[in-house]
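Visitor: what follows is a predicted protein model with its sequence.
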Amino acid sequence: MEKYRIKPNSGLEFGLYTLGDHIADPHTGERISNQQRIKEIIELAKMAEQAGIDFFSVGESHQEYFTTQAHTVILGAIAQATDKIKVASSSTIVSTLDPVRVYEDFATIDLISNGRAEIIAGRASRVGVFDLLGYDLRDYEELFEEKFELLLKINQEEVVNWEGNFRASLNNAKVIPRPLHGTLPIWRAVGGPPASAIKAGYAGVPMFLAMLGGPVSSFKRSIDYYREAAKRNGHNPDELPIATAGFFYVADTTQAAQAETYSYINEGMKLTNGSGFPKQHFAQGAHPQDVMNIGSPDLVIEKILYQHEVFGNQRYIAQMDFGGVSFDKLKRNIDIIGTKVLPEIKKHTRMK
Amino acid sequence: MKIVGLSGSIVGSKTRTAMERTINIITEKYPDIEITLIDLADFNIQFSDGRNYLEYDGDTGYVTQTIMEADAVLIGTPVFQASIPAPLKNIFDLLPQKAFLDKVVGFVVTAGSPKHYLVAEQQLKPILAYMKAQIVQTYVFLEEQDFYRKEITNDDVIFRLERLVDDLVTLTKTYDSIRKEKEAEYGF
């Protein structure tokens, strides 16, 4: 776990993540400027750090309704503006990037941040980036697998010899700068069916598991498959951290939390995914055994602790800014996280 | 209310004839309903490659987005090789898994032989149910002998089409009001 900068004794890590979506607030119909959204994301990271949150990450989506395409640039700004919080991506689409450039960027962010940078590598759930950067969607799987392998190799070896199909060969190529402590934590982003979790386990890399909604027990299956695959391929699952990610929102009561957040999620999903979030499913999200952490502070604390107990995860990261949520509401959430949620979670998960 | 008619074949005329007749019935009986007929023969649709339906452009993007915006879908399908035609299946493949959630779907089937009557029951309904449609259980099955030169000649078929239209509209209104009533209880 130390290799991935995880200290199990200090309890479950709590983080925030944003996809960098840029959507009008459905209540007002107004959309803030790109510039304001980017600055608010940087501000949010600073506030998260002040509240004691462990981790902050920004994703890249290259299409309408998103604004953090250059996510590494934003992470550089966050690295400079903060002192303690871990800074990472959620996720970096290595399929359509050059792993050498990705590594150079993140090693630099690691140096700026004094050793706080991490890469979460994903395959993209929105595939606009393939057309934009000139890749064939038919190579979706192979592009990721090949480039992800190269990225992991660069992390281990400063001088790289490599050849593959989607990038020019590397002959005694020196990839610099190196991160502060020699290597970076590199995670694989996993969503949906267990197949992808199995690949992460097989490669023996930490897993970031995205969960929008549904029973905890369903996601437990992906986690079990991941650990089994890791073991089968000679890795020790006890040394591989797991992070889970999903919707989060707290208000005084569960009813109020649902009322405040539903239209953001529903309208945001309609715009970015083409299907809204059915009310019936959203209502079930409040069930203690559902992964959606939207509700009163007590309910959300109970749910996060329950998920931690079932999953044995080392980190939970919360998405609460999706769909044009106003900055005031985000501030209030950070406040509640800092004063109510975090202390309880740390108290119950820290090793005594 | 928005209804989309989807004529699911790019060859022949029977399915299109049946669809046009059904659409006329809707327009006459329910002039307030917004109705769009998509005859797949008029479009150049690409095969599904797994992307989100919003990311297709041209005819493919138009057809998928038009269907997604509908409250009810009326499908017309012939029977080819004891199954639904490939262009129609491709439309299902282009759409998200839960594309028909909160939509009512009814259909008419044309076939060269009465032996194909259960094809829709056994092959089309399971797809629609998987994609979360509220299905109008009774469908209209038309044979070669019900047509003469692109006209429906069997009055019984016309009566059955009228009943299908009524059922489609009534069920769409019904499910809509049931859902609204249920959603009002959630308080968010």
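Guide: Everything's here; your move. Numbering: from 1, shown residues only, chains lettered A, B, ... in the order given.

Visitor: tell me which residue of chain B lies closest to chain A.
Guide: In chain B, no residue comes nearer to chain A than residue B:188, which is 3.9 Å away by Cβ to the nearest Cβ. Any C-beta I mention is one placed from the backbone N, CA and C, and that applies to glycine too.

Visitor: residue B:89 and residue B:49, how far apart?
Guide: 15 Å (Cβ to Cβ, to the nearest Å).

Visitor: oh, that last question was meant for residue B:104, not what I typed.
Guide: 29 Å.

Visitor: just name the shakiest helix or strand of chain A by mean pLDDT.
Guide: Sorting the helices and strands of chain A by mean pLDDT, DSSP states H and E puts helix A:128-133 at the bottom, at a mean of 88.

Visitor: summarise which helices and strands that helix is packed against.
Guide: Applying 3 or more Cβ pairs under 8 Å, 6 or more residues apart in numbering or on different chains; DSSP states H and E, we find helix A:128-133 packed against no helix or strand.

Visitor: all strands for the chain, in order.
Guide: In the absence of a named chain, chain A is used. Under the criterion DSSP state E, chain A carries strands at the ranges A:13-18, A:55-58, A:86-89, A:92-93, A:117-122, A:159-162, A:170-174, A:186-190, A:207-211, A:242-250, A:293-295, A:315-319.

Visitor: try chain B instead
Guide: In chain B, the strands defined using DSSP E lie at B:2-7, B:34-39, B:72-78, B:104-111, B:134-135, B:140-143, B:147-148, B:151-152.

Visitor: tabulate those strands (TSV), appending mean pLDDT.
Guide: As requested, the strands of chain B are exported to TSV (pLDDT from 0 to 100):
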stretch	mean pLDDT
strand B:2-7	98
strand B:34-39	97
strand B:72-78	98
strand B:104-111	98
strand B:134-135	98
strand B:140-143	97
strand B:147-148	92
strand B:151-152	94
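
Visitor: need these in a markdown table (columns: mean neighbour count and distance to residue A:260).
Guide: Shown next, in a markdown table, are the strands of chain B (neighbours: other Cβ atoms under 10 Å in any protein chain shown; distance: least, Cβ to Cβ, whole Å):
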| stretch | mean neighbour count | distance to residue A:260 |
| --- | --- | --- |
| strand B:2-7 | 22 | 30 |
| strand B:34-39 | 17 | 33 |
| strand B:72-78 | 26 | 32 |
| strand B:104-111 | 25 | 32 |
| strand B:134-135 | 18 | 30 |
| strand B:140-143 | 22 | 47 |
| strand B:147-148 | 14 | 57 |
| strand B:151-152 | 14 | 54 |
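
Visitor: got those strands as a markdown table, with distance to residue B:170 columns?
Guide: Listed next are those as a markdown table, based on distance: least, Cβ to Cβ, whole Å:
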| stretch | distance to residue B:170 |
| --- | --- |
| strand B:2-7 | 13 |
| strand B:34-39 | 16 |
| strand B:72-78 | 11 |
| strand B:104-111 | 9 |
| strand B:134-135 | 12 |
| strand B:140-143 | 16 |
| strand B:147-148 | 28 |
| strand B:151-152 | 23 |
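
Visitor: okay if I get those strands as CSV plus distance to chain A?
Guide: Output for those, formatted as CSV (distance: least, Cβ to the nearest Cβ, whole Å):
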stretch, distance to chain A
strand B:2-7, 16
strand B:34-39, 18
strand B:72-78, 15
strand B:104-111, 16
strand B:134-135, 13
strand B:140-143, 29
strand B:147-148, 37
strand B:151-152, 36
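
Visitor: so which of these is nearest residue A:25?
Guide: Taking Cβ to Cβ, strand B:2-7 is the member of the strands of chain B nearest to residue A:25, at 26.6 Å.

Visitor: what packs against that closest one?
Guide: helix B:14-29, strand B:34-39, helix B:58-68, strand B:72-78, helix B:155-186.

Visitor: that one pairs with which strands?
Guide: strand B:34-39 (parallel), strand B:72-78 (parallel) (DSSP bridges).

Visitor: distance to residue A:331 added to the ones you listed, as a markdown table?
Guide: Listed next are these as a markdown table, based on distance: least, Cβ to Cβ, whole Å:
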| stretch | distance to residue A:331 |
| --- | --- |
| strand B:34-39 | 43 |
| strand B:72-78 | 44 |
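
Visitor: closest to residue B:17 out of those?
Guide: Of all those, strand B:72-78 sits nearest to residue B:17, with 9.2 Å by Cβ to Cβ.

Visitor: centroid-nearest residue for chain B?
Guide: With distances taken as Cα atoms, centre = their mean, residue B:75 lies nearest the centre of chain B, 1.8 Å away.

Visitor: roughly how far apart are residue A:202 and residue A:187?
Guide: 15 Å.

Visitor: so what's residue A:80 closest to, chain neighbours aside?
Guide: Leaving aside its chain neighbours, residue A:80 sits nearest to residue A:112 (5.8 Å; criterion: Cβ to Cβ, 6 or more residues apart in numbering or on different chains).

Visitor: so how far is residue A:249 from that neighbour?
Guide: 31 Å.

Visitor: need the contact list for the nearest residue to residue B:141 once chain neighbours are set aside.
Guide: Once flanking residues are discounted, residue B:141 sits nearest to residue B:109: 5.0 Å by Cβ to Cβ, 6+ apart. Residue B:109 makes contact with B:76-79, B:116-117, B:119-120, B:124, B:139-142, according to Cβ atoms under 8 Å, 6 or more residues apart in numbering or on different chains.
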